[in-house]
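**Q** okay, structure incoming, though there's no sequence with it:
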């Protein structure tokens, strides 16, 4: 499960930091590039020296492990949700905070004297899909984790008085509220140039540990893994402002992904397609399909099906088939993405058509990728189902 | 007709060449000065624009900078996308010969994405930007390939620098790949992470300024947030408003050169006028014949005007060429002037604007045409009768009538110059009126002088009487060259008066303003935020044996406003802990009483420099508003002091006020030593103690050295007046020469008659030389009162209006006056040599026939 996320993070953040950005071509795809980037970032040949590696099955303690893991190089809090206003207007929302260490913590634990000295940066992406208005907005912020310009803190339990979790970059933040476990409920606040939202996440299904009890092996090499868990269905509600009328009261369901790693990726990977689907029968489906440079499917593609009660069932490439259909071309012609998908499996049996609620949900930020709200319809175990979800597609940008 | 003129000028090649040169020098100076100035200005603006990047606003907060916590709060309020921090400092290389001075530019590569793309992470497919090392490795820097080459650096190399006297190690990560424009703006820059800049400047929790890029967002709301989060001392400027600062900085330089350029154009105009007049006089017979042959007077006038224009054009073209060469030479001193004050430019080539060249050439040609207008009209008036019928002697108008012409311009000049206020234009007009009055006064004054000579010298014999009387007879003819000479000599006297008085004032002031034997400061500075002396170093310095009293300074920039003229701006401010000697001797102009003198000790009010008081209309007792980190604070003017160092003005405030409002760090000391202690030896001791105490190299100099350095800058600034004097002498010389050359043509008959009556060629020569000497003496003497008047105007009015300061006294330097008079006589004699030679060699028969 880490494959998709690690690749995504490594590409987005490290490319954003080091340049190259959306200039990815089929010949120099994101993952390959991120290797080089990781080398430079880490300052050593493998870029991982001085950082912790995910080598064993972790023992996760919540809410502590909802917070940051500074020994690892990369980490993120990934929130996507589908919402509907009181008037029936549909919205998609994405908010993600990435933490990237520029260098491992100093062995002696010393710090620099300058107040703006930083060894970590926070990158944040926020996006809103106004489905009925047929508009999509996306912005990013990038800042050093110093002096409170950007930060990630908590949750702390040791001192008795629990410090709630917060991650923030400039004027965007995800902040745990009182009355919960230090993580949920959580308030998301985003004010961007063309949109803003204030949303509250509540408690929903319990965390699902991806991979082997949270250790998500990415390739055959030991240590090339991440720690990965998901909260596949949590209630979300609040206000979204885009256009007229400016404020929409919205309610819906969100998906939270958490992952941290130091691992170096497989250079053969070119990109990935990731699905997080919430079906109306109460089940949730996650699947990521790693694409290889040679066009083949990566054997490390993974997924899971989460039952109404939160129990998870892993999915392997031998079980699931993801079939792209049609093509959507970005307005500037620099990226071509599959227009819709069909996800098919015989055991457990499902056959789902996944269609974007809006064709253009491409984030044209430092690294461009497609991440958007989708509608799902099809069959599950022979019965008709519908659903909502998010799909992410990376590595489709072409050379300029 | 054209060939006719060409032949004349070829025969008088030397004279024509001199005329060409006059125009050429004027145009050359104009081109050189403007080009050098514009080149420096462009480099300055480029550096500023590059560093400011795409910012729309730049934000500063008082003298102490933006607290990082406030910056963070602003980011939390309005996001990180439209705000980027920036720090600047001056670094000196410590392990390179020769030492380089570099600007350290500290930025945040993450925040600079939209602001300074060349200093930011972003779309750099071609080469990776080593942001991780830049941010995490202390001392890591990038620079343009040109800078790296100058430093002899390779990526991976290290560079020892000192910032504010403290040593640091820089690590070169590589070359910045930027466009040529950006590279030009970064020609002296080490790009470092903001955290490294904080560490190097010792300002660990501050930022110098924030750059805002307010595009596509609610600007008033964003600015309101800036004001709210950065406190009352915040200052928000549009980026464009910062540019043009060079105009201020190089003001003195420019005024000098503009004056010189105009003066030389004036000289050129005079030369053109004289040359053309002479040529018309010389060709009068030919013109008469041409008129007799039916050529219209207008055609003759046009031909002469065309000749003047041709001379002007030719001179202008030559001048433009010379100017392009001279600009190259001027650039170095101009850049030096700027670097004394501001930055660390290294400009090596001048940018020429074709428009400027065209305009300068047009001005040169136009001036020549205007100067040729009179002679052209004279040519047009020539009639056939003038030449064919012998002329009768014209009746001279009584000279005293000329006095009537003096009164109106003199009245205008007096009115303008006494009520001038701070308007430079009014001064220029006033000086012009004064000049006109002076020129108008020359003919009557000259008549009076000659009358006196005739009375006084008459008894010396008929020969002397003849010399005087024949000069009287040619009075009208000689008035203009004598006026030119008077003006020229008066200018040299005026300049000598002003420069001499200024020098005396500065020498006295330097003695009072630094009451001590040794001065200690932190190197760096150059108009950047002055870095402090580390407290432990300061303590060690003050306890050095031999030091008996210490005046300590904290230098900074304080936003101030107030005064009758509604002044406002960032003013150099010194927090001072004065010694008794400082309090006693400092040159106070107003408020020089017990209370005023003690203001710095008690912290009760500020001392304001004379230029600031003049510009803002401040008097003792007025209240300024200082914007400090605590918000606006009233600051009473306790005294006004003499200052020649800073034409923008400055204030000195007691440390008792300064410490709580601005800060108490020390940036400089002036130390008084015990009697018998050698300042040089003590300086060495102080240096060693500073190095031992805190690893900080401080600049320690005997104040006598500082004074000498200040005087050297003074002399360099006024060296240009030497060139002015030379030009003036050229005018004097050429005016006399031209006058006698034309006299020779007109007085042929007289000379012939004299020769027939038995005068020897030698006697004729002596007569001419006697006349020129007489004229030289006349011009020299008349120039004395006028020069003294010019000196007063330059010293009292121009200094005040241009720089805001007054001189202690403006005294006429009699030695310089004597020299000027002697020089005038010598120049006149020299100018008369060739005409005398030619007069003497005239054959009587030819002379009589020509007449």
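**A** Sure, I can see it. All of these numbers come straight from a predicted model, not from anything done at the bench. Residues are numbered from 1 along each chain as shown, chains lettered A, B, ... in the order given.

**Q** secondary structure class for residue A:143?
**A** Three-state call for residue A:143 (DSSP: H, G, I helix; E, B strand; the rest coil): strand.

**Q** where does the stretch 101-250 of chain A have low pLDDT?
**A** A:157-162, A:244-245 (pLDDT under 70).

**Q** and with 80 instead?
**A** A:107, A:109, A:156-162, A:218-224, A:243-246 (pLDDT under 80).

**Q** model confidence for residue 367, exactly?
**A** In the absence of a named chain, this looks at chain A. Note for residue A:367: predicted pLDDT of 75.

**Q** I was thinking of chain B, sorry if that wasn't clear
**A** The model's pLDDT for residue B:367 equals 86.

**Q** check contacts around it.
**A** B:23, B:26, B:265, B:268, B:269, B:272, B:312 (CB atoms under 8 Å, 6 or more residues apart in numbering or on different chains). For every residue, glycine as well, the C-beta is placed using N, CA and C.

**Q** how close does the second one get to residue A:293?
**A** Spelled out, it's residue B:26. Noted for residue B:26: a distance of 73 Å to residue A:293, by CB to CB, to the nearest Å.

**Q** narrow the contacts of residue B:367 to those in helices?
**A** B:23, B:26, B:265, B:268, B:269, B:272, B:312 (DSSP state H).

**Q** let's have the residues you listed in JSON lines, adding neighbour count, pLDDT and distance to chain A.
**A** JSON lines is the format used below for the ones in helices among the contacts of residue B:367 (neighbours: other CB atoms under 10 Å in any protein chain shown; pLDDT from 0 to 100; distance: CB to the nearest CB, whole Å):
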{"residue": "B:23", "neighbour count": "32", "pLDDT": "80", "distance to chain A": "57"}
{"residue": "B:26", "neighbour count": "31", "pLDDT": "78", "distance to chain A": "54"}
{"residue": "B:265", "neighbour count": "25", "pLDDT": "73", "distance to chain A": "56"}
{"residue": "B:268", "neighbour count": "31", "pLDDT": "73", "distance to chain A": "59"}
{"residue": "B:269", "neighbour count": "24", "pLDDT": "78", "distance to chain A": "61"}
{"residue": "B:272", "neighbour count": "29", "pLDDT": "77", "distance to chain A": "63"}
{"residue": "B:312", "neighbour count": "31", "pLDDT": "89", "distance to chain A": "57"}
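
**Q** residues touching the host helix or strand of residue B:74, excluding its own?
**A** Assigned by DSSP states H and E, residue B:74 falls within helix B:68-78. Identification of contacts with helix B:68-78 by CB under 8 Å, 6+ apart yields A:115-116, A:143, A:147-150, A:168, A:170-171, B:61, B:83, B:85, B:205-207, B:210, B:217, B:222, B:225-226, B:228-231.

**Q** what residues does the stretch 51-200 of chain A put near chain B?
**A** With CB under 8 Å from any CB of the partner chain as the criterion, the stretch 51-200 of chain A meets chain B at residues A:102-103, A:112-119, A:121, A:139, A:141-144, A:146-150, A:168-172, A:191-193.

**Q** quick one: which of these sit in helices?
**A** Among those, no member lies in helices (by DSSP H).

**Q** how is chain B carved up into domains?
**A** Domain assignment for chain B by automatic domain parsing gives B:1-59+B:233-389, B:63-218, B:441-515+B:708-792+B:804-851, B:523-697.

**Q** want to throw those domains into TSV with distance to residue B:409?
**A** Listed next are the domains of chain B as TSV, based on distance: least, CB to CB, whole Å:
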stretch	distance to residue B:409
domain B:1-59+B:233-389	17
domain B:63-218	49
domain B:441-515+B:708-792+B:804-851	9
domain B:523-697	28
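
**Q** where among those is average confidence lowest?
**A** domain B:1-59+B:233-389 (a mean of 76).

**Q** please state the offset of that domain from the chain centre?
**A** Relative to the mean C-alpha coordinate of its chain, domain B:1-59+B:233-389 is positioned 19 Å out (CA atoms, centre = their mean, to the nearest Å).
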